[in-house]
Structures are given as structure tokens and as C-alpha cells.
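Asks: This is a predicted model, with the sequence first.
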Amino acid sequence: FPTLPGAISDTLKFFLVVFVAPPVEEIFFRGGLMAYVRNFNPKNKWIPIIIQAFIFSLFHLGAYIAGFYQYPTILSGLSAVMANIAGFVIAFVFGLISGWFVTLNGVRNLSFSIVFHAGLNAISYASMIVSLSVIH
């Protein structure tokens, strides 16, 4: 997770990561962006899915790189960025799966992707808390 301000409580961080970010991101990426890109080529559903997944991944990687200056050394900063390349790939795959699912006949809504996104964020957040407690 990107560095959130220290003044924010852990409860508020959890709320933002699990309950606020997923619907906002899903509405923007799978709702608005994918629909916008699909207007240019309505017959091909995969181009908008791939484009929104890529931009979604860049957005998530950008959140980590934005905090790059906070690392004590360049080496630790580069190490953190490289570790987040895996996060980029995971976000891309998630974007592909979510984008594909919301385009299926009979689905065509964001409910699944919002719940799926919130669940993944909750699992990621919980695992981060557990690993931080093991370190300390």
C-alpha cells in the first residue's frame, strides 16, 4: 500500500483501502474508462479491457513511486519500486479479469468487481498488518 499520512488512524486507512477505493476505482476504470475506450471500437471488447487494465496498473504503480523520495537511500527506493513491479502485474491481471467479467452477457454491472476488489484489498491489507507485526 502506498504510504498514507501517519496522522490517519489504522481504522481510517482500512476504511479507505477496503470501502472507499474499490468502488471509486471500479466506477472510474471498469465503468467510465472502459466504456469510453469501447466507443472507439464497439465490436472489440478486448481492446478496452486491456487498455483499462494497463492504466489501472500504472495508477497503482504510480502510487508507490510517488512515495519514492521518502526512502532513506536510492537503493532502498529502487528495491521498493522493483518489488512493486509484481504489484503492477497483479493489478494488470486483476484488471483483465474484472474487465472481462463486467462485459459478460447477463452481468454487465460493477457489483462483482467492486466486491472482488474490496476483498482483495482487505486480504492485502490484513497480510500487510500481519507482516508488520511480525517484523516488530
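Replies: Now that the structure is in, tell me what you want to look at.

Asks: any idea how far H117 is from V18?
Replies: Distance of V18 to H117, computed by Cβ to Cβ, to the nearest Å: 9 Å. In this view, the C-beta of every residue, glycine as well, is placed from N, C-alpha and C.

Asks: Tell me the confidence at F88?
Replies: On pLDDT, F88 comes in at 87.

Asks: The one 4 residues further on too?
Replies: The predicted local confidence for F92 comes out at a pLDDT of 95.

Asks: so how many other residues sit close to it?
Replies: Per other Cβ atoms under 10 Å, the neighbour tally for F92 reads 19.

Asks: starting at the chain centroid, how far to the lengthiest helix in the chain?
Replies: Assignment by DSSP state H gives helix 74-102 as the longest helix of the chain. Relative to its parent chain, helix 74-102 has a centroid offset of 8 Å by Cα atoms, centre = their mean, to the nearest Å.

Asks: which helices and strands does it pack with?
Replies: The elements that helix 74-102 packs onto, with contact taken as 3 or more Cβ pairs under 8 Å, 6 or more residues apart in numbering; DSSP states H and E, are helix 46-65, helix 111-135.
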